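Novice: Next input, structure requested:
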Amino acid sequence: MTTMIELGKRAKEASVELGKLSAEVKNIALQAMADALEKNEDEIVSANLRDVAAVKSKGVKPALLDRLILDNSRITKMARSLREIATLPDPIGQIVKTWTRPNGLIIGQIRVPLGVIGMIYESRPDVTSDASGICLKSGNAVILRGGSDAINSNTVLAEVLNEAAVKAGAPKAAIQVVRTTDREAVNELMRMRRYVDVLIPRGGLDLIKSVVENSRVPVIETGIGNCHIYVEEDADLQEAIPIILNAKCQRPGTCNAVEKLLVNQNIAEIFIPTIVRSLRESDVEVRGCSQTVKLVRDIALISDEEWYKEYLDLVISIKIVSDLGEAIKHINQYGSHHTDAILTRDFSKALRFIKEIDSAAVNWNASTRFTDGNQYGLGAEIGISTQKIHARGPMSIEHLTTMKYFVLGRGHLRQ
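Specialist: Below you'll find the model as predicted:
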């Protein structure tokens, strides 16, 4: 079996070649990768069924199982994302800005790839396709280490994608997958500073925390999604119900699903019984604060610690707040700085919420489920960063680049 060091060496060599590929070759490769997914659909689904069967035997919750499943429609969506990435402008070689110094020296910044990206992620095999496409378009080689529950899916996907990319002109080791489920492979990847330029962990709190605390390689941290919706007293309550249901129920196992619902006290008595009934009709378990429990007595009371929790399931907790200020304070204290939304008719209140909520994405009268690279028109995403670095929110091709300076002189000497 190929060692992690060998994967790293190959990736480093491939990254040099990838950085020189033309936009045309990369776009042809992306189109070929999309075609290959559709052509090999049966093989991919078959491998995924083996993973799903193994996970089902462990009694995994349906919402988490949903993240693992690849069916025909999801493979079609993966292929469409690759084609959309191909239509995006190539960031590599883009001159960001230039300026001229008083001595006539011209200084500029140009966009270049990061180099080798290491991806450590759980469940979702669609990440294998999205990460491969984004890395290729941005001129980066990628080493993919998915979770053990998706080993068959990820292996087949990486083989299919890499073979198509190589035939189109990409270097042989542009896309590599770690074929072992041994956790030591992750530990070794986190130590490969000589070969890996950036690590991106994508998954649950334990995974992200482990990588952030133990990696010797620089990390772009993707965050958990303890997302909130705040319903202001002047909100359109008829509009609010489908927004909340969409945010909670469409795909509850994703990081942009809403986990907490805050309701202004002036509409709580009217709105909370209604939204609880609608949520329960969609099989959502509802929990709440002491005030909420008084309005709907069969709701479970939650502890302070649970306000920090990401459920990733058909569960939601409700809190009654006195006003917009309390809602903002609560979200900034307990939220994960991922995505939070306000439902209101008042522009000034929405603007205050947008300015004061310390999150990567803030929505006004829209579901939290829109925090997604594809929905933002980025083609796809490699993860959603909750850090305050150059990459925050859904990360696509530009976020996997850095800058280098160039200096143009005419025999200039420093005095």
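Novice: mind giving me the domain split of this structure?
Specialist: 4-221+387-408, 227-370 (automatic domain parsing).
Novice: Do a quick rundown of the helices in the stretch 51-200 of the chain.
Specialist: Assigned by DSSP state H, counting those that start in this stretch, the stretch 51-200 of the chain shows helices spanning 62-68, 72-87, 126-137, 151-167, 184-189.
Novice: Equivalent analysis for the stretch 301-415 of the chain, please.
Specialist: 324-334, 347-356.
Novice: Quick one: closest of the ones you listed to residue 76.
Specialist: Nearest to residue 76, of all the helices of the stretch 301-415 of the chain, is helix 347-356, at 34.7 Å by C-beta to C-beta. Backbone N, C-alpha and C define where each C-beta goes, glycine included.
Novice: Output whichever helix or strand residue 210 is part of in PDB, but only the C-alpha positions, please.
Specialist: Here residue 210, judged by DSSP states H and E, is contained in helix 205-214. Listed next in PDB are the C-alpha coordinates belonging to helix 205-214 (Å, rounded to 0.1, in the frame of the first residue of the first chain):
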ATOM      1  CA  LEU A 205     -16.900  19.100  16.500                       C
ATOM      2  CA  ASP A 206     -14.500  16.300  17.700                       C
ATOM      3  CA  LEU A 207     -12.900  15.900  14.300                       C
ATOM      4  CA  ILE A 208     -12.400  19.700  13.800                       C
ATOM      5  CA  LYS A 209     -11.100  20.100  17.400                       C
ATOM      6  CA  SER A 210      -8.600  17.300  17.000                       C
ATOM      7  CA  VAL A 211      -7.200  18.600  13.700                       C
ATOM      8  CA  VAL A 212      -6.900  22.200  15.000                       C
ATOM      9  CA  GLU A 213      -5.200  21.100  18.200                       C
ATOM     10  CA  ASN A 214      -2.800  18.500  16.800                       C
END
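Novice: Rounded mean pLDDT for that helix, please.
Specialist: If you average the pLDDT over helix 205-214, you get 92.
Novice: just stretch 90-99 next, same as before
Specialist: 97.
Novice: residues in contact with that stretch?
Specialist: Stretch 90-99 has contacts (C-beta atoms under 8 Å, 6 or more residues apart in numbering) with 19, 23, 26-27, 106-113, 137-139, 397-398, 401, 403.
Novice: Show me which of these are buried.
Specialist: Neighbour counting with 16 or more other C-beta atoms under 10 Å marks 19, 23, 26-27, 108-113, 137-139, 397-398, 401 as buried within the contacts of stretch 90-99.
Novice: quick revisit: out of the contacts of stretch 90-99, name the ones that lie in strands.
Specialist: If you go by DSSP state E, those have 106-113, 401, 403 in strands.
Novice: Could you export those residues as CSV, including pLDDT and distance to residue 313?
Specialist: Shown next, in CSV, are these (pLDDT from 0 to 100; distance: C-beta to C-beta, whole Å):
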residue, pLDDT, distance to residue 313
106, 98, 56
107, 98, 53
108, 98, 50
109, 98, 45
110, 98, 46
111, 97, 40
112, 98, 42
113, 98, 38
401, 96, 36
403, 96, 41
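Novice: Pull the most distant pair out of these.
Specialist: 106 and 113 (23.6 Å).
Novice: pLDDT weak spots in the chain?
Specialist: Confidence mapping of the chain against pLDDT under 70 gives the ranges 1.
Novice: hmm, 90 instead?
Specialist: Counting by pLDDT under 90, the chain has low-confidence residues at 1-2, 57-67, 122-124, 203-205, 221-223, 297, 374, 378-381, 387-391, 415.
Novice: residues near the nearest residue to residue 84 once chain neighbours are set aside, how many?
Specialist: Distances taken as C-beta to C-beta, 6 or more residues apart in numbering put residue 379 closest to residue 84, at 4.0 Å, once the chain neighbours are dropped. Using other C-beta atoms under 10 Å, the number of residues around residue 379 comes to 23.
Novice: Then the one 10 residues further on?
Specialist: Other residues lying near residue 389 total 10 when counted by other C-beta under 10 Å.
Novice: again with residue 234
Specialist: 14.
Novice: can you check the one 3 residues further on too?
Specialist: Here the count is done by other C-beta under 10 Å, and residue 237 has 15 residues near it.
Novice: JSON lines for the domains of the chain, including distance to residue 415?
Specialist: Listed next are the domains of the chain as JSON lines, based on distance: least, C-beta to C-beta, whole Å:
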{"stretch": "domain 4-221+387-408", "distance to residue 415": "9"}
{"stretch": "domain 227-370", "distance to residue 415": "46"}
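Novice: so which of those comes closest to residue 414?
Specialist: Using C-beta to C-beta, the nearest of the domains of the chain to residue 414 is domain 4-221+387-408, at 9.3 Å.
Novice: Can you give me the end-to-end span of that closest one?
Specialist: Start-to-end span of domain 4-221+387-408 (C-alpha to C-alpha, to the nearest Å) is 41 Å.
Novice: likewise stretch 89-105?
Specialist: OK, stretch 89-105 end separation, C-alpha to C-alpha: 29 Å.
Novice: Pick the most deeply packed of the helices of the stretch 301-415 of the chain.
Specialist: For the helices of the stretch 301-415 of the chain, ranked by mean neighbour count under the definition mean count of other C-beta atoms under 10 Å, the leader is helix 324-334 at a mean of 18.
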